[in-house]
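[1] below: sequence and its predicted model.
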Amino acid sequence: MRYIQAKHGQNIFNDLAKWLTAHGVSLLGSRVLAVRGRSSGEMRTTVINLFTDHGERYLLAPRGHTQWVRNLRVAGEAELRLGRRVEHVTAVEVPDADKVPLMRLYLRKWEWEVGMFFDGLTKNSPDEDLRAAAPGFPVFRLATQRR
């Protein structure tokens, strides 16, 4: 029952975050990610937490190898939406060996929101623990597409 309550609360939060972001209000870097479905060809959307490190922009999948991750791997490009603003981006997956500092940065910013998906990992976890978990958390580096 506790899981159902947490999941229900998480769904309410996700719905609110998606609505706010779709209406131009970013929550700590949130965007609506729109990526073409690998089977349907239709645009699929989800709210993501965009973050930067050394001038590069990234997104991390706290729920692991989800449908949007699989779609983005195939498409290699997506849209970041904030209200009416749409930015076309290309996405390159970050190798597991390079994820530790990015995972730590992500957890520093959003552990309060997504910590439940990290199975006890925190921003203070040893590098070895983050490195061992890295294959389960896809990370993408984003670059603006010139149109």
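    Everything's here; your move. This one's a predicted model, so the numbers in the text were calculated from it and none came from an experiment. Numbers count the residues shown, from 1 in each chain.
[2] quick check: the gap between S40 and N71.
    9 Å (C-beta to C-beta, to the nearest Å). Quick note: C-beta positions are derived from backbone N, CA and C, even for glycine.
[3] which one's more surrounded, those two?
    With neighbours defined as other C-beta atoms under 10 Å, S40 and N71 compare such that N71 has more, 21 against 9.
[4] verify the assumption that the more buried one is located in a helix.
    Yes. N71: assigned to a helix according to DSSP: H, G, I helix; E, B strand; the rest coil.
[5] wait, what's in contact with it?
    Residues near N71 by C-beta atoms under 8 Å, 6 or more residues apart in numbering: 35-38, 44.
[6] among those, who's most crowded?
    Counting by other C-beta under 10 Å, top hit in these: V35 with 24 neighbours.
[7] what is the burial count for V86?
    Count around V86 with other C-beta under 10 Å applied: 11.
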